[in-house]
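J.: any chance you can model this:
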Amino acid sequence: MDSKSIRNTFLDFFKEKSHKIVPSAPIVVQNDPTLMFTNAGMNQFKDYFLGTKKVENKRVADTQKCLRVSGKHNDLEEVGIDTYHHTMFEMLGNWSFGDYFKKEAIEWAWELLTKKFGLPEDRFYATIFEGDKEENLEPDDEAKNFWKDHLPEDRILNGSKKDNFWEMGETGPCGPCSELHIDLRPQSEIDKVPGKDLVNQDHPQVVEVWNLVFIQFNRLANGSLENLPNKHVDTGMGFERLAMAIQQKESNYDTDVFQPLIQWVAKRGAVKYGTDEKTDVAIRVISDHIRAIAFTIADGQLPSNNKAGYVIRRILRRAVRYGYTFLGFKEPFLHELLSVLVDQFEDVFPELKQQQDFIAKVIKEEEISFLRTLDNGLKKLETIKEGKSQEIDGATAFELYDTYGFPLDLTQLIARENNMTVDEKGFEKEMEVQKTRSKNAGKQSMGDWVIVNDGETSTFIGYDHIESTTNVLRYREVKQKDKTLYQIVLEETPFYAESGGQVGDTGYLEFGEEKIEVLDTKKENDLIVHFVKKLPKQIDAKVRAVISNGKRLLTENNHSATHLLHAALRQVLGDHVQQKGSLVNEKLLRFDFSHFSKVTDEELDEIERITNQKIRENIALDEKLNVPIEKAKELGAMALFGEKYGDFVRVITFDQEYSVELCGGTHVERTGNIGQLKIISESSIAAGVRRIEAVTSVEAEKYNKKKIDLLSEVEEILKHPKDLKKAVETLLVENQSAQKKLDQMNQQQASQLKKSMLDSLTSSNGKNLIFYSGEFPSSDSLKQVAFDLKREVENLVLLVAAEIDGKPMLTVMLDEGLVSNGMNANEIVRKMAASIKGGGGGQPFYATAGGKDVNGLEEALKIGKELVS
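T.: Got it, this is the predicted structure:
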């Protein structure tokens, strides 16, 4: 039976038993702070067990995508090394929420495995909870009695609390569990050692197939147990292991779940799976990891340097490293393997097929990024291996992490393969040093707040006002990097505090006749803090707070333009585009967004065209204040990178069908105020993250004028040709032709100089000496002549003091044999260079120097001659 049929048989079986077949939850957990990834089938049903969610269907079954690489189930380092650990796996499961219990769960499990799947009855063992005196828990005789209907008593084994009592956490629902194990060994081995002696002993062919959890207790905070009013069933069966048993294979990797992937990798690597342990491990690592990588990206988690994204990046880099080292994959390859995975899963997990191109591009971008650093890092490790030490010290491990992108576990893996160790404590120490250095860089000394007027918080009125008359609540002194500033908090303020990418306002505070410049405005908790260089003479006087309105208006233009640009990016590139960072000030806007490849010129033109069209439509700002967060989501509002939102939010809309975002920044009243937007650059700042810089309004006019003025200057230089483009192209062709002729002339001249230099050759003390002083056509031709002479003349000593384009140039070339005897071109040229007021260097056999004084060339040559004589 193939794997697709196995999965369908399971689901159809429970459908016949009145179970609702539900889709898999995403592999990336969104609303559970205790988990990054779904690691068991029950995760999506936790609220039912906890009683915090109403049960809609009392009987449920599914196949759940799971990932175990971190935390309690950290299996990553074992994956590929053995033949039964995996990162991503499917968990087949059936659940009862207050409906059936042990009798039906056991009866149906036995029926499915032995009758539907035809697995041999005499190869099964069942484990039951043996009880726990400390917890005052009796043995699970109820389950045992139900198993007696199917198994002889000697195949029903007692299990400890560790193996056979399941708990969700320190508190909450829990209960005994009963595991079904199958012995897949040959009969000859069974005759030697009975299977019951190998249950739960990590034997690769005596494995747990199905775990039936009977949730009947609730663990209280004081550690005691109470009976639940409703009893539940939670079962989990590893799909890959089940396939191994049904298909009579010795390993999960031998089943048709993995073999299509394995054979593709083996063919690509020009090896045969099963003939060499090192390449076998690499093939298993790659075949396993592509599943985890693809499914997590499909569920919305891009590789990154943080949290869940970093876990995926580690898995991807581990796969690339194994392919690079053991299969010779020096170019990206993982993204090509995706097509095999899609063919396997398009019926059960269609999200892979729907996002195939996007997933492949994300993977390829990550591969390219890592391969850039992998080669250099591995070369450094090779250098370490050549030394006598059997340990990679902490500083080196940290350098590999910080410079080459090697996670510590990757360095440890490579070390183990070479019988070396890694100084983990030293690595952690280096990490701590870096953290301390970062903290010190931003360290500042703050004085205590001096209270001027009562009041805990300041009110922002800047959406509607550009100035206000108010009072100072408090102030304090701040010292940082030998600079003293003061922070002032006002009762109410029109100054916008830096947030959401928008810079803080500047302006002034007017205390009577005294005016104090505001350098910046930031937030500290809920306080809006104004930075000033000095304090007023009368800090308790009424203060008139005035923002720099010209700067504010230009900043508003750029902020509103980012919203229009964001919407245009999603319209042109796709809904995967999400904001990853921004900077908005009066000069420009900078927008970082998730995207897998360079934005083409054609795409940029279209993005710019759509944005400017929306500007010309002069769309009115629709600002909604204090909107409940759920209501805002219903409106289609996008939450932006780096922002924290409360229960009530501000929604900024420019055309309900175009741009709706949660935003606390300041904006134009109508899009026409922006004038125009001009994109000035597009670049990559990280794998999968692009950056657009653009200007608007006055700055866009300046940018365009500068380009037009440059064009006019070119036309002036070329005497106003009718076709400017054609005139420039003709000029380039003519220039290339002239350069070619010049190169030929230089080559001829250099050839003649070389012949002249050969004619001047003299011999002394076993050295063939060539000295030259005079003009040379170019530095490239001088280098070429020097290396030509080295090849043609044995025991060569060449000293050249040349004038090239009016500048002095020294060259020393030595035969390697003379270098071995102690001569050094580097030392010679440095001593000669003093005469031309310059410096230089190079290698022991070849060195050069430049300088400022062409008149010193003869003296330099004289010094050189004395040194080589």
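
J.: so what's residue 239 closest to, chain neighbours aside?
T.: Beyond its immediate neighbours in the sequence, the residue positioned closest to residue 239 (CB to CB, 6 or more residues apart in numbering) is residue 90, lying 3.7 Å away. In short, each C-beta sits where N, CA and C put it, glycine included.

J.: within the helices and strands, which one has that neighbour?
T.: For residue 90, the element it lies in under DSSP states H and E is strand 88-97.

J.: only alpha carbons, please: show that strand as PDB.
T.: What follows is strand 88-97 as a C-alpha-only set of coordinates in PDB (Å, rounded to 0.1, in the frame of the first residue of the first chain):
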ATOM      1  CA  MET A  88       8.900  17.700   9.900                       C
ATOM      2  CA  PHE A  89       6.500  14.700  10.200                       C
ATOM      3  CA  GLU A  90       2.800  14.000   9.900                       C
ATOM      4  CA  MET A  91       0.800  13.000  12.900                       C
ATOM      5  CA  LEU A  92      -2.300  11.000  12.200                       C
ATOM      6  CA  GLY A  93      -4.800  11.400  15.000                       C
ATOM      7  CA  ASN A  94      -8.400  10.900  16.200                       C
ATOM      8  CA  TRP A  95     -10.000  12.800  19.100                       C
ATOM      9  CA  SER A  96     -13.000  12.400  21.300                       C
ATOM     10  CA  PHE A  97     -14.100  15.500  23.300                       C
END
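
J.: what's the pLDDT at the residue lying closest to residue 763 once chain neighbours are set aside?
T.: Taking CB to CB, 6+ apart, and ignoring the residues beside it in sequence, residue 763 has residue 769 as its nearest neighbour in space, at 7.0 Å. The predicted structure scores residue 769 at 92 on the pLDDT scale.

J.: residues contacting residue 769?
T.: Going by CB atoms under 8 Å, 6 or more residues apart in numbering, residue 769 touches 761-763, 797, 868.

J.: do the same with residue 205
T.: Residue 205 is in contact with 183-185, 250, counting by CB under 8 Å, 6+ apart.

J.: pretty sure residue 228 contacts residue 219?
T.: No: counting by CB atoms under 8 Å, residue 219 is not a contact partner of residue 228; they are 10.5 Å apart.

J.: so where's the stretch 501-650 of the chain uncertain?
T.: Low-confidence regions of the stretch 501-650 of the chain, defined by pLDDT under 70, span residues 525-526, 639-647.

J.: residue boundaries of the strands in it?
T.: Ranges of strands within the stretch 501-650 of the chain are 507-511, 514-524, 527-532, 543-547, 579-584, 589-594, 622-628, 648-654, based on DSSP state E, counting those that start in this stretch.

J.: relative to residue 700, which of these is closest?
T.: Among the strands of the stretch 501-650 of the chain, strand 589-594 comes nearest to residue 700, with 10.7 Å by CB to CB.

J.: now do the closest one: distance to the chain's middle.
T.: In terms of CA atoms, centre = their mean, to the nearest Å, the gap separating the centre of strand 589-594 from the centre of its chain is 16 Å.

J.: quick one: contacts of that strand?
T.: So strand 589-594 is in contact with 302, 558-559, 561-562, 565-566, 569, 576-584, 641, 685, 688-696, going by CB under 8 Å, 6+ apart.

J.: go with 6 Å
T.: 558, 561-562, 565, 569, 577-583, 688-694 (CB atoms under 6 Å, 6 or more residues apart in numbering).

J.: ok now the helix ranked longest in the chain, how far from the chain's centre?
T.: Under DSSP state H, the helix in the chain containing the largest number of residues is helix 724-759. Once both centres are worked out by CA atoms, centre = their mean, helix 724-759 turns out to sit 48 Å from its chain's centre.

J.: repeat that for stretch 143-159.
T.: Distance, centroid of stretch 143-159 to centroid of chain: 50 Å (CA atoms, centre = their mean).

J.: which of the residues in it are buried?
T.: By neighbour count, with 16 or more other CB atoms under 10 Å as the criterion, the buried positions of stretch 143-159 are 143-144, 146-147, 150-151, 155-157, 159.

J.: so who does residue 167 touch?
T.: residue 174.

J.: for it, give me the pLDDT.
T.: Residue 167 is assigned 85 on the pLDDT scale.

J.: tell me the buried residues in stretch 215-223?
T.: 215-219.

J.: what distance separates the start and the end of that stretch?
T.: For stretch 215-223, the first-to-last residue distance is 16 Å (CA to CA, to the nearest Å).

J.: point out where the stretch 201-350 of the chain drops to low pLDDT.
T.: For the stretch 201-350 of the chain, residues meeting the criterion pLDDT under 70 lie at 221.

J.: rewinding a little: now tabulate the buried residues of stretch 143-159 in a markdown table and tack on distance to residue 318.
T.: Formatted as a markdown table, those follow (distance: CB to CB, whole Å):
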| residue | distance to residue 318 |
| --- | --- |
| 143 | 40 |
| 144 | 43 |
| 146 | 44 |
| 147 | 41 |
| 150 | 42 |
| 151 | 41 |
| 155 | 40 |
| 156 | 41 |
| 157 | 37 |
| 159 | 34 |
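
J.: show me the two of those residues that sit farthest apart.
T.: Maximum pairwise distance among the buried residues of stretch 143-159 (CB to CB): 17.4 Å, between 150 and 159.
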